[in-house]
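S.K.: okay, here's the prediction I keep looking at, along with the sequence it came from:
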Amino acid sequence: MRAQPLAPSPSVSPSRSCRRFRAGYRTRLVPLLALLACVTRVPSFTRPLWNPDEGYLAVQARLLAQGGALYETVVDRKPPLVPWLYQGAFAVAGSESLTPVRILAVLAQLATALALASLARRRWGDAAGRTAGALYLLISVGLNPEDAQAAGFELFILPGTAAALWCADRRRWGAAGLAAGCAFLAKQTGGAVLLPVLWLCGVRGGGRGGVLRLTAGAAAPVLGAALATDPGGFLFWTVTGSGSYASLGGSGAHALGRGLANAALVAVACAGLIPPLARALRAGREGARGPDGGRATADLWLWLAASGGAVAVGLHFFGHYYLQLLPPLALLAAGALHGGPAHRRTAALRTSACCCVLFLAWGLLAPRTELDHVRRLAGTVAGRTGPGDRVLVWGMHPETYWLADRAPATRYLTAGLLTNYSGGRDGSRVGETYAVEGAWEVFRREMATRPPVLVVDDSRGKPYGPPRVPGLRRLLDAGYVRAGTVDGAVLYVRGTGGR
């Protein structure tokens, strides 16, 4: 007599069992990635701030909280999302510390890792999902700590870009566009993710309707942000007003050296990913693409290429720009490791963990030379002025205002906007001639209307100092006298003949 097949238990249906399995997978994965996200961000909590971008955002957030208007009271070449995040964090927990923003950065990293894990799991299975999430967090620290540990613009791009691919992978074109639009609002280069999303829309039958939903989704948050600020100012500061900045201007050798150095750091962090990626590329050239004909990773290679273009745009190659490369690299490595021997996946994770430890040690032990200078300078500014006084810090460290708790006398928080100076320029395209269009007229009007009580020349021999900037020199000659120095920064106070 033939045995009858066992029927499923009436109390546990196959669909319910599948749901429980998925819930169990998430229950195990989320705490693991959350712990890893916290560990990799430990150095970020060990100092008040990491780079001038954080200082710029902190000052912006304070001014906005006091009733200021973005692109009017305070300006920057970036979209408004990250300043709003800082403002919201300060509203909840106060503006004396960046700790609440650091926590948001941990959550942003966790959200990115979870989106990547879900993408990899959908394409290649459970093990690939765990691998993608873990690899991303391990390599996320693979830059100079000032770039990797800062809660800056590029870090907050990443959840939006990962979410855009996640939605597109599920043919949710409107949501994919919305996520891409939010990535753009963190920084303009976040919009690069639209390239692989549009490719997916084409190959997966999105059609005209999918493209329309994608376009509408991407446009909605951008238009909303423009209307919430000042449409003209938003367009100028985020799109049309940065032509002089996006130029090497005689500093090509220095910028190229910086780019190669940062690429080398990323290569060290990704040492565990290089062998599987090299094997995948070799297999692709030999035609061994697998049953899907290579389509499972074509969008990811396109994402990597688009992110590489985002790194190169502007021709500055700062380290934090390279963060955009890391999500597609982690996904591609997870896909390359799929189906191979388990020891290869273990080796990739082990190597990445060892490199991660080295970068974390660097973050914990990195010198604080510039931070110490800015803190001493801020202490002097606070001691020489009152809480209601306005100050002009002529330099590239806007965090001086935040640490001193003094309001800037101008909407231009760094000398860069008034001289086109940025890290690495040799002076050939630095000066009033290369300033943001119309900036000096506004600056002179601000100085006449509410002159600063104290002017700090923090140029320290850089090509944007008073000898090279007639407008600043005239301001100092007209009503200020020298009142001392701090670590090479020169202080000026209003003289008896000042206004």
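M.R.: Right, received. Where do you want to start? Numbering: from 1, shown residues only.
S.K.: so the residue positioned nearest the centre of the chain is in which element?
M.R.: The chain has Glu154 as the residue nearest its centroid, 1.2 Å off, counting by Cα atoms, centre = their mean. Element membership for Glu154, per DSSP states H and E: helix 153-169.
S.K.: re the thing from before, for the residue nearest to the centre of the chain, give me the pLDDT.
M.R.: pLDDT, Glu154: 96.
S.K.: OK, contacts around it?
M.R.: 186-187, 189, 320-321, 323-324 (Cβ atoms under 8 Å, 6 or more residues apart in numbering). C-betas here are computed from N, CA, C, even on glycine.
S.K.: dump these to CSV, plus pLDDT, distance to Arg474 and neighbour count.
M.R.: Formatted as CSV, the contacts of Glu154 follow (pLDDT from 0 to 100; distance: Cβ to Cβ, whole Å; neighbours: other Cβ atoms under 10 Å):
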residue, pLDDT, distance to Arg474, neighbour count
Ala186, 97, 39, 26
Lys187, 97, 35, 25
Thr189, 95, 37, 23
His320, 95, 36, 23
Tyr321, 96, 36, 23
Leu323, 97, 41, 25
Gln324, 97, 42, 27
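S.K.: mind picking the two most distant members of these?
M.R.: Greatest spacing in those, by Cβ to Cβ: Ala186 and Tyr321 (13.1 Å).
S.K.: residues near Thr449, how many?
M.R.: 8 (other Cβ atoms under 10 Å).
S.K.: any idea how far it lies from Leu475?
M.R.: Distance of Thr449 to Leu475, computed by Cβ to Cβ, to the nearest Å: 13 Å.
S.K.: over to Ala255?
M.R.: 31 Å.
S.K.: kindly report the same for Leu454.
M.R.: Applying Cβ to Cβ to Leu454 and Leu475 gives a distance of 13 Å.
S.K.: which residues in the stretch 51-200 of the chain form helices?
M.R.: 52-65, 81-93, 99-124, 126-139, 145-148, 153-169, 173-186, 194-203 (DSSP state H, counting those that start in this stretch).
S.K.: now those helices in TSV, with distance to Asn262?
M.R.: Output for these, formatted as TSV (distance: least, Cβ to Cβ, whole Å):
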stretch	distance to Asn262
helix 52-65	15
helix 81-93	21
helix 99-124	19
helix 126-139	14
helix 145-148	8
helix 153-169	12
helix 173-186	20
helix 194-203	22
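S.K.: so for His338, which of these sits nearest?
M.R.: Between the helices of the stretch 51-200 of the chain, helix 99-124 lies closest to His338; by Cβ to Cβ that is 3.9 Å.
S.K.: what does stretch 377-385 rub up against?
M.R.: With Cβ under 8 Å, 6+ apart as the criterion, stretch 377-385 contacts 391, 393, 397, 399-400, 402-406, 453-454, 456, 458, 483, 486-487, 489, 491, 493.
S.K.: for the chain, which spans come out with low pLDDT?
M.R.: Counting by pLDDT under 70, the chain shows low-confidence ranges at 1-22, 242-251, 285-295, 423-427, 496-499.
S.K.: can you show me the helices along the stretch 351-499 of the chain?
M.R.: So, for the stretch 351-499 of the chain - with DSSP H, counting those that start in this stretch - the helices run 369-384, 399-404, 416-419, 439-449, 470-479.
S.K.: which residues touch the nearest residue to Phe90 once chain neighbours are set aside?
M.R.: Nearest residue to Phe90, sequence neighbours excluded (Cβ to Cβ, 6 or more residues apart in numbering): Ala61, at 5.1 Å. Contact analysis of Ala61 by Cβ under 8 Å, 6+ apart lists 83, 86-87, 89-90, 95.
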